[in-house]
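[1] okay, predicted coordinates and the sequence, questions at the end:
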Amino acid sequence: MSTKNKTADNHQLQKSNTLTLMDYTPARMEEKQTKRLAECVPYKDKASVTWINIDNVPPANFLRELGLGFDLHPVILQDILAVDQRPKVEAMEDYLYIRLKMIYASGKEDKIVGEQVSLIIARKFVISTQQGIAGDVFDSVRQAIRHEESTTRHSGTDYLAYKLLDAIVNGYFGVLEFYGEQMEAVEDEMLRDPRKKTLHALHHLKRGILEMRKAVWPLREVISALEREDSPIIKKATRIYLRDVYERVIQIIDTIETQRETLTGLLDIYLSSTSNKLNSVMKVLTMIATIFMPLSFLAGVYGMNFRYMPGLEAHTGFAVMILLMFGVFLTMIMYFRRKKWL
């Protein structure tokens, strides 16, 4: 194989990866999918705005070529490869690097999907890489770029980055709504018949809320840093939009804390319901044992092997004893009802 062919292979993504390019100006828009990085590198020097989105974290050799093609620092490339890390923002000389968590509710599979997203924001291009799960929350951004009259088409890379951040934050609201519906379902089930699967559902929701909290709390610092960052990439007009995103992140944090308190309350209700259920069972068993104690006493007395006992030789002795035991049983039932124990 020639050197030229080897180089071409190094510029290609794996079969599971997809590279989507959208290049636009107010007057025109170009969109294409490719697996060759060489087709995207020339766009970095164009006067238009270019968004390159890479599904799945690409292999290390591709990231090296990406770093060479777009002048990215090796530390940034290592951060892209290091998945499941704390959100952060890094200001370099010619670009900004943002790492955050994209969490959204998948309507088709009825579950929560989470993956790490890295954003590289330069003057003329934005590069986004996703951890490796199919699908994202960027469809609204793509539709805005395709629409000729949209603000996105008439703005720069900073506004595009804002739209991407805004789409991710909007996905958080969908997740919180999903968890809210799940908590209502668990609460209804808990009031009807709390079982072990109810407790498992509570723990599952609690883990999900904690994952949300880990993703959103650092994001507040990231958005705040972007808003205050003295970088020529972020224009003054865009900082107002970032402030709006920051306020919604605070709203999400408040909702998360409320849902955590609700889950704690539901767990207390579950424990109380289980304890009450156990107490009810023990109450019934105690009453049964109490009722049969005098009956057992009578049966035990007349079951002793003495030769001379009152009524032992009587023809009606057995019937009298049965009636006596039945009378004791009814008396105790009436007494329990009067005490409102039954």
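    Now that the structure is in, tell me what you want to look at.

[2] what's the residue nearest to the spatial centre of the chain in contact with, if anything?
    By C-alpha atoms, centre = their mean, the chain has its centre lying nearest to residue 208, at 4.0 Å. Residue 208 makes contact with 112, 175, 179, according to C-beta atoms under 8 Å, 6 or more residues apart in numbering. C-beta here means a position set from N, CA and C on the backbone, and glycine is covered the same way.

[3] in strands only, show me those.
    Judged by DSSP state E, strands contain the following of the contacts of residue 208: residue 112.

[4] what is the nearest of the contacts of residue 208 to residue 138?
    For the contacts of residue 208, the closest approach to residue 138 (C-beta to C-beta) belongs to residue 175, at 16.1 Å.

[5] ok, that closest one - how many residues close by?
    Residue 175 is flanked by 23 other residues according to other C-beta atoms under 10 Å.

[6] now swap in residue 292 and tell me
    14.

[7] which element is it on?
    For residue 292, the host element (DSSP states H and E) is helix 236-301.

[8] quick one: residue 26 is in a strand?
    No: according to DSSP: H, G, I helix; E, B strand; the rest coil, residue 26 belongs to no strand; its state is coil.

[9] pretty sure it sits against residue 153.
    Yes: the pair residue 26 and residue 153 qualifies as a contact (C-beta atoms under 8 Å) at a distance of 5.5 Å.

[10] of those two, which one has the most company?
    For residue 26 versus residue 153, neighbours defined as other C-beta under 10 Å are more numerous around residue 153 (20 against 13).

[11] tell me the pLDDT of that one.
    Looking at residue 153, its pLDDT is 94.

[12] check contacts around it.
    24-26, 29, 144-145, 147.

[13] once you drop chain neighbours, what's closest to residue 113?
    Leaving aside its chain neighbours, residue 113 sits nearest to residue 106 (4.9 Å; criterion: C-beta to C-beta, 6 or more residues apart in numbering).

[14] quick check: beta-bridge partners of that neighbour?
    For residue 106, the beta-bridge partners are residue 111 (DSSP bridges).

[15] doesn't residue 21 belong to a strand?
    Yes: judged by three-state DSSP, residue 21 forms part of a strand.

[16] for it, the count of nearby residues, please.
    17.

[17] ok, now residue 253?
    The number of residues packed near residue 253 is 17, by other C-beta under 10 Å.
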